[in-house]
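# The following comprises the amino acid sequence and a computationally predicted model.
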Amino acid sequence: MANFEGVVPALGQALQQHGFDVLTPVQEAVLEPELSSGDLLVSAQTGSGKTVAFGLALAPTLLAGAERFAVADGPLALVVAPTRELALQVKRELEWLYKPTGASVVSCVGGMDMRTERRALQRGAHIVVGTPGRLRDHIERKSLDMTALKGVVLDEADEMLDLGFREDLEFILGAAPKDRRTLMFSATVPRTIATLAKRFQRDAVRISTQAEQSQHLDIEYQALVVAGNERENAIINVLRYFEVPTALVFCATRAAVNHMTARFTNRGFSVVALSGELSQAERSHALQAMRDGRAKVCIATDVAARGIDLPKCELVIHADLPRNREGLLHRSGRTGRAGRKGVAVLMVPHNWRKRTERLLQGAGVQATWARPPSVVEIMRRDDERLLADPDLNEPVGEDEADIARELLARHGAEQIAAAFVRRSRAGRSAPEELLDTGPMDRSSENKGKRRDDFKDGVWFSLSVGRKQNAEPRWLLPMLCRAGNITKREIGAIRIEQGETFVELAPGCVEGFLEALGPNATVEKDIIVSRSDGPAKGPKGEPGAETRREKPYGKIKREPRRTMLEPDKAPTPDERPMPATKRPKNKKLKRAKKARLAESRSKAPNAARQGCGPIKRTKPRKKPPRAAST
């Protein structure tokens with residue numbers, strides 16, 4: 001039986017019933033005897049058990065030595081969270097933690113019916129959990145009584161300030177009694193948090209847990225270098241490789257969330273989306289689907305995923321890289337929670353590698369640089385999972401023995417095993433073929449060796465040229481796929497009118513020809529043949545890429561002349577000849593006038609039919625009326 005020293009007995013009973021054996025570092029830190037009545041400023045990473053920590057820290061103040069709560073005259077504790085999801089999650093945690101004490105926990109969050117919340121507050125609540133804006137509304141409308149308040153908790157205080165809730169927080173803390181306890185929990189403690197603590201806390205004790213000092217020890221970071229146009233295919237392969245119960249994919253925009261949701265759904269993944277355009281009911285339904293196991297992949301934006309808790313989340317994928325270290329730690333903190341292991345994968349385009357290295361260094365985490373899983377690696381991982389399937393070790397039941405013997409008699413063991421393998425593979429999405437991005441080593445030796453590989457390069461000719469719109473951007477991936485080579489094994493490319501010359505490293509030529517086959521053709525029926533290389537052009541050595549040379553700097557143009565200079569006046573021979581005027585035909589003009597006059601004489605209303613202007617005359621004045629007698 002676990003012994004939770006310093007915990008109120010009723011709450012210790014709830015911890016045991018919930019499966020707790022030991023407390024986390026942050027939970028043990030807040031239970032120190034000298035901290036039982038003072039204000040606290042706690043910095044700990046996401047998923048370290050902060051909700052249970054402030055629940056345990058508040059219990060002695062709220063219960064005051066009693067085992068159960070009396071009838072509530074007004075709220076005794078107020079917990080403020082940045083988002084609706086986090087507030088509802090905190091409410092659920094506090095409900096099971098305080099269940100033996102008979103506490104009533106009420107939530108007040110945006111997007112819910114305010115009248116229902118008001119009735120719940122009127123019935124009596126010991127602990128109120130809410131978002132800053134909704135709590136302020138209840139205080140201003142006198143539906144939330146703050147007079148009996150003994151403690152205020154600000155959960156994820158740094159995020160609330162980032163979201164612009166400073167005024168609401170100052171209003172709530174200003175309306176609370178002066179002798180209350182104030183507990184601030186934050187992943188980081190920037191200057192803004194320190195200023196807020198100095199203003200609204202009294203001699204607060206700062207607590208920094210070991211888990212916060214060494215970031216995310218339970219999370220394995222992987223940085224996968226991908227081509228820009230293959231990011232989604234790489235994410236599909238990562239999801240297939242790990243096959244976790246719950247995975248989170250973070251995107252930068254709502255449009256990216258919608259696009260990836262549609263793409264992954266079409267590929268057979270059970271996906272839900274979380275973005276700011278969803279209503280509260282839709283968000284709750286999506287999160288419930290993740291918790292129930294009906295969906296395995298959640299694609300979300302940063303703001304939409306703030307504060308959500310998915311207990312079985314073992315994989316976080318950064319489809320779009322976060323903007324700063326706080327974003328990286330917050331996203332990755334959705335996994336590796338409460339002592340569990342997790343994996344955080346960053347999809348890194350080629351030109352973002354240095355930026356990603358600085359981001360990881362600033363966050364204080366080490367990442368393993370690698371390529372996305374290949375098709376062969378995924379199939380091998382599937383086979384390992386199949387061989388380790390726990391159903392294979394289960395004893396044969398009585399109701400299964402007869403049909404098992406019948407199957408063996410009819411088909412044999414090998415045929416049954418093959419059918420079992422096919423059945424297990426049928427329900428999975430097929431992995432994607434990805435281009436090899438080359439070696440991951442970025443050392444100076446590797447950089448200097450790049451051109452040395454092509455000293456004795458072998459040239460090949462392709463039956464496509466500039467006339468067929470040949471471009472390196474589609475020639476490179478085509479050659480890599482068809483010849484089973486990497487782009488680093490391709491040297492210079494020279495595109496001419498009717499053919500293209502490609503230089504390959506000597507070490508890959510044999511495998512390249514073997515992959516092409518006897519016909520030596522690639523996509524679009526392009527024929528590949530060995531060549532001596534392109535002829536020497538104006539740029540010198542053969543093998544130089546045919547690119548139009550751009551001028552260095554700005555092009556100097558002749559100034560436009562606004563007036564002729566005396567010494568540069570054109571000679572009579574250089575002056576342009578004036579344009580000759582077309583001779584007038586007087587006979588045609590006279591005939592046209594005659595036809596117009598004739599038509600007007602025949603039609604009295606010709607002016608009204610569009611044959612000329614209408615002459616308007618002044619209306620005749622009416623004589624004055626005679627006076628009646």
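Looks like it arrived, so ask away. Numbering: from 1, shown residues only.

# Tell me the first helix or strand C-terminal of the helix or strand of the chain with the lowest mean pLDDT.
Sorted by mean pLDDT, DSSP states H and E, the helices and strands of the chain end with helix 210-213, the least confident at a mean of 46. Moving toward the C-terminus from helix 210-213, the next helix or strand (DSSP states H and E) is strand 219-226.

# Tell me the buried residues in stretch 11-26?
Using 16 or more other C-beta atoms under 10 Å as the test for burial, stretch 11-26 gives Leu11, Gly12, Ala14, Leu15, Phe20, Leu23, Thr24, Val26. All C-beta atoms are positioned from the backbone trio N, CA, C, and that covers glycine.

# my read is Cys298 is in a strand, agree?
Yes: counting by DSSP: H, G, I helix; E, B strand; the rest coil, one finds Cys298 located in a strand.

# Which residues are in contact with it?
Cys298 sits next to Thr246, Ala247, Leu248, Val249, Val271, Val272, Ala273, Leu274, Ala286, Met290, Ala305, Leu310 when contact means C-beta atoms under 8 Å, 6 or more residues apart in numbering.

# Quickly list what it is bridged to.
Leu248, Val272 (DSSP bridges).

# Gly342 versus that one, what's the distance?
Counting by C-beta to C-beta, to the nearest Å, the gap from Cys298 to Gly342 is 14 Å.

# Could you do Leu94 as well?
Counting by C-beta to C-beta - Leu94 and Gly342 are separated by 25 Å.

# Ok, Asn324 next?
Asn324 sits 21 Å away from Gly342, taking C-beta to C-beta as the criterion.

# More neighbours: these two, which one.
Taking neighbours as other C-beta atoms under 10 Å, Asn324 and Gly342 compare with Gly342 leading, 22 against 11.

# Excluding chain neighbours, what is closest to the more buried one?
Thr335 (2.9 Å; C-beta to C-beta, 6 or more residues apart in numbering).

# now Glu5
Leu31 is the one closest to Glu5 (C-beta to C-beta, 6+ apart), at 7.5 Å.

# Please work out how many residues are found near the one you found.
Using other C-beta under 10 Å, Leu31 has 19 neighbouring residues.

# ok, it - contacts?
Glu5, Gly6, Val7, Leu23, Leu56, Ala57.

# swap the cut-off to 10 Å and go again
Applying C-beta atoms under 10 Å, 6 or more residues apart in numbering, we find Leu31 in contact with Phe4, Glu5, Gly6, Val7, Val8, Leu23, Ala53, Leu56, Ala57, Ala59, Pro60.

# got a list of what the residue nearest to the spatial centre of the chain touches?
For the chain, Cys251 is the residue whose C-alpha lies nearest the centre (C-alpha atoms, centre = their mean; 0.9 Å). Cys251 makes contact with 257-261, 273, 275, 299-302, 304, 317-320, according to C-beta under 10 Å, 6+ apart.

# the helices in the stretch 51-200 of the chain, which residues?
84-97, 114-123, 132-140, 157-162, 166-175, 191-200 (DSSP state H, counting those that start in this stretch).

# Could you name the helices and strands sitting against the longest one?
With contacts defined as 3 or more C-beta pairs under 10 Å, 6 or more residues apart in numbering; DSSP states H and E, helix 84-97 has these neighbours: helix 9-17, helix 50-63, strand 77-80, strand 105-108, strand 127-130, helix 132-140, strand 151-155, helix 280-292.

# Regarding Met347, what is its secondary structure?
strand.

# Bridged to it, which residues?
As for beta bridges, Met347 partners with Leu224 under DSSP bridges.
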